[in-house]
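Got a predicted structure here, sequence first:
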Amino acid sequence: MSTKDTRTRTEGRELIMERIFKAPKELVYEAHVSPDRIKRWWGPTGWETHSYEMAVEPNGIWHYCMRSSEDGQESWGKATYQEVVPNKRLVYEDAFADQYGNELSGMPEMLVQLDFSEEGNQTKLTSRTRFESEEALQKIIDMQAVEGMSETYDRLAEYLNDLQKNKEEGQP
C-alpha cells in the first residue's frame, strides 16, 4: 500500500505509515502539538479541523472536530496522551467521539505512536497505529482512513514548506 509520498503497510493489527518531511524535526513535532499549527493542516483535503481542547501532556486530552467544507459533515475525535517526549515521540489513545468528548461505541479505538527522527536535514515521521483486532484495522482501511491520512500528510508537507519559505523571506 502506498499513496504519493507516504509509505504504508500493515503488520497484524497495526497500521504503519512513514513519511519524510523536508523540515527539522522540531518544526514537524511543533506542528503536531500546537493548536494554532495543527488546525492549518490536520485532516484530509477539503476538511478543516477545530480543536476544542488540546493539552499535550500525559493524560491530557485533544478534543477536535473535522468539518467538510463541501457539505458540512463533521467527524469528532478525542485523543488521550499517554507519552509525550518533546521532538521525539507522542503516544495517544485515539477514538471517535461526539461533540461533548464522549467516545462512540462500536467504532474502532486506536493506540497511536508517532516517532520523529532526523534524516539528514529532514524528518522521518513514523506512525504506528495499533487496533484491538485485525477486523477493527480493516474497518478503518475500508473507511478510507489510509487515503485520508496520506492527504493529511500532504497538507502537512505543504504547510511546513510554506512556513520555511516565509521564514526565509522574513515573514512570520
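Okay, I see it.

Just the buried positions in the helix or strand hosting S127, please.
Remark: S127 resides in strand 122-131, with elements defined by DSSP states H and E. By neighbour count with 16 or more other Cβ atoms under 10 Å, strand 122-131 contains the buried residues T123, K124, L125, S127, R128, T129, R130, F131. All C-beta atoms are positioned from the backbone trio N, CA, C, and that covers glycine.

Now name the helix or strand holding the residue lying closest to the fourth one once chain neighbours are set aside.
Nearest non-adjacent residue to S127, counting by Cβ to Cβ, 6 or more residues apart in numbering: M17, 4.5 Å away. M17 belongs to strand 14-21 when elements are defined using DSSP H and E.

Let me see the mean pLDDT of that strand.
Mean per-residue pLDDT for strand 14-21: 97.

what's the nearest residue to the spatially most central residue of the chain if we skip its chain neighbours?
A centroid search over the chain (Cα atoms, centre = their mean) returns W42, at 6.4 Å, as the residue closest to the centre. Distances taken as Cβ to Cβ, 6+ apart put T49 closest to W42, at 4.2 Å, once the chain neighbours are dropped.

Check the secondary structure at the one you found for me.
Assigned with DSSP: H, G, I helix; E, B strand; the rest coil, T49 falls in the strand class.

can you pull up the bridge partners for it?
With DSSP bridges as the criterion, T49 is bridged to M66.

Give me the neighbour count for it.
Counted by other Cβ atoms under 10 Å, the residues lying close to T49 total 18.

Just list the residues touching S150, thanks.
S150 makes contact with T3, K4, T6, T8, M17, according to Cβ atoms under 8 Å, 6 or more residues apart in numbering.
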